[in-house]
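Asker: Sequence plus predicted model, see below.
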Amino acid sequence: MDLRESAEDLSFRHEVRAFLEDSLGSDFAVVRGRGGPGDERALFDERLAWERHLGAHGWTCVGWPKEHGGRGLSLRQHVIYYEEYARAQGPGRLGHIGEGLLGPTLIAFGTPRQQQRFLPPIVAGDELWCQGYSEPDAGSDLANIATRAERDGDEWTVHGQKVWTSLAHWADWCFVLARTSRDADPERKHRGISYLLVPMRQDGIEIRPIVQVTGDSEFNEVFFDGARTGTDNVVGGVDEGWKVAMGTLAFERGASTLGQQLNFRNELGAITEVARRNGAAADPVMRQRLAQAHIVLEIMRLNALRTLSRGESGTLGREAMIGKLFWATFHRGLGELAIDVLGADATVCGEAGTGTGSGTGYDPNAFQRQFLFSRSDTIYAGSNQIQRNIVGERALGLPREPR
Ligand SMILES: Cc1cc2nc3c(=O)[nH]c(=O)nc-3n(C[C@H](O)[C@H](O)[C@H](O)COP(=O)(O)OP(=O)(O)OC[C@H]3O[C@@H](n4cnc5c(N)ncnc54)[C@H](O)[C@@H]3O)c2cc1C
């Protein structure tokens, strides 16, 4: 496959770049480079307006098929879009859970009614979503969930607790994994789980923020105490939610991260700049580490191209299975590099309110936030250990882990 950019792709790249430069250079300059991991609470109203601006100009959900409100982009152009977004330092997307996780799931598994009801507000930036999977006793072992839903006439009532629910405090809806029946055989506990779409703004749901080490609180505990949703808001059939849940996870670890290396490149650029200024780059070991980070980013770019060259049809091959493990491990190391470049200065934080406004007792700078938040990269969306199991079992065909 020819990996050079075609004239069509190049013209697409210029179109995206012009739109982003124009928008972020004027009305939306304030959100440039803001939000996202470690800075998630920043500028909510302004970033919501940005979502709607993107939606109004057809720049949300660009990889979705046209009949569902997307642009029907090829995987390659989808990645170009992510690259240009990172290059322009577009703000952390408030709608990314709806756009990247729930939307593709509904397109694959939803009923026409569910698609018509839920997809347009995601495209327009009018409804935000959160993901209700993890519980205190169910993370990697997701089938262990205890949250349950019971049928009550033409509604389901939900009881239980979710945890680590990113952006629940802003979300209008949550896709919730709940137990609707129980198989007596513990080996088959993934049976009897349903995938429910639950409105967040109702009695019966309590959201408690969890303050993270960054000082931010992008995730929450969510308590369901008789929360209600309609019986037509079950995706993929009652008791049949496991395959839908796995489909969502595949989207979470898939194409959306292929353009990632440009975000990381921006971060490495900032780290290198500080290393030049504060003298850290004079140290030969530090120079090696900076060069090594550059090399790994280049490998990531080439690997993205390799994945693309096999996955033009839209489905990613087994090469993609190393993606999450690779970028998460690299990015955690990049956070450590940032702190080492700062040296002794890394041990001092600004007072609350002096920096990016995390709202707690101290205010880490960008490198400190990057370091602290990147510790979680190797945990969310499947920990490194779970990713290795996936690579071993599904990509390499090794014997399955004993259950
Ligand atoms: C920043 C962040 C945002 C998140 N957002 C959300 C969200 O929006 N919605 C949501 O539902 N969840 C969210 N999560 C939760 C995330 O999905 C879980 O933290 C993750 O699945 C791991 O589960 P756990 O924390 O229960 O750890 P555990 O599953 O208890 O794992 C503990 C340790 O044991 C290891 N381990 C577990 N099982 C195995 C195994 N079979 N083989 C080898 N090692 C194993 C793990 O790798 C880990 O090191 C978020 C987490 C973070 C950090």
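Answerer: Okay, I see it. Numbering: from 1, shown residues only.
Asker: going forward, measure contacts between C-alpha atoms and count neighbours the same way
Answerer: Noted.
Asker: State the phi and psi torsions of Leu177.
Answerer: phi -90, psi 120 (degrees, to the nearest 10).
Asker: Find the residue closest to it in space, skipping its chain neighbours.
Answerer: Tyr195 (4.9 Å; C-alpha to C-alpha, 6 or more residues apart in numbering).
Asker: Now the element after the strand or helix carrying the one you found, going C-ward?
Answerer: Using DSSP states H and E, the secondary-structure element containing Tyr195 is strand 193-199. The first helix or strand that comes after strand 193-199 along the chain, using DSSP H and E, is strand 205-210.
Asker: what's near enough to touch the residue nearest to Leu177?
Answerer: Counting by C-alpha atoms under 8 Å, 6 or more residues apart in numbering, Tyr195 makes contact with 175-178, 234-236, 238, 240-242, 244-245.
Asker: Ala168: which of those residues is nearest?
Answerer: Closest to Ala168 out of those is Phe175 (10.7 Å), distances taken as C-alpha to C-alpha.
Asker: quick one on the thing from earlier: let's see which of the contacts of Tyr195 end up in strands.
Answerer: Judged by DSSP state E, the subset of the contacts of Tyr195 located in strands is 175-178, 234-235.
Asker: Just among these, which is most surrounded?
Answerer: Most neighbours among the ones in strands among the contacts of Tyr195, by other C-alpha atoms under 10 Å: Leu177, with 28 neighbours.
Asker: From the ligand, how far out is it?
Answerer: Taking C-alpha to the nearest ligand atom, to the nearest Å as the measure, Leu177 falls 9 Å from the ligand.
Asker: surely that residue meets Asn144?
Answerer: No: if you go by C-alpha atoms under 8 Å, Leu177 and Asn144 don't touch, sitting 10.6 Å apart.
Asker: thinking again about what came up before, and of the ones in strands among the contacts of Tyr195, the nearest to Ala18?
Answerer: Once C-alpha to C-alpha is applied, the member of these that ends up nearest Ala18 is Phe175, at 35.1 Å.
Asker: pLDDT at the closest residue to the closest one other than its chain neighbours, what is it?
Answerer: Of all residues beyond its chain neighbours, the one nearest Phe175 is Leu197 (4.6 Å), with distances taken as C-alpha to C-alpha, 6+ apart. At Leu197, the model reports a pLDDT of 98.
Asker: Does Leu197 touch Cys174 like I think?
Answerer: Yes: between Leu197 and Cys174 there is a contact under C-alpha under 8 Å: 5.9 Å.
Asker: do the strand holding Tyr195 and the ligand meet at all?
Answerer: No: if you take C-alpha under 6 Å from any ligand atom as the test, strand 193-199 misses the ligand, and the best it gets is 12.4 Å.
Asker: Cool, thanks, talk later.
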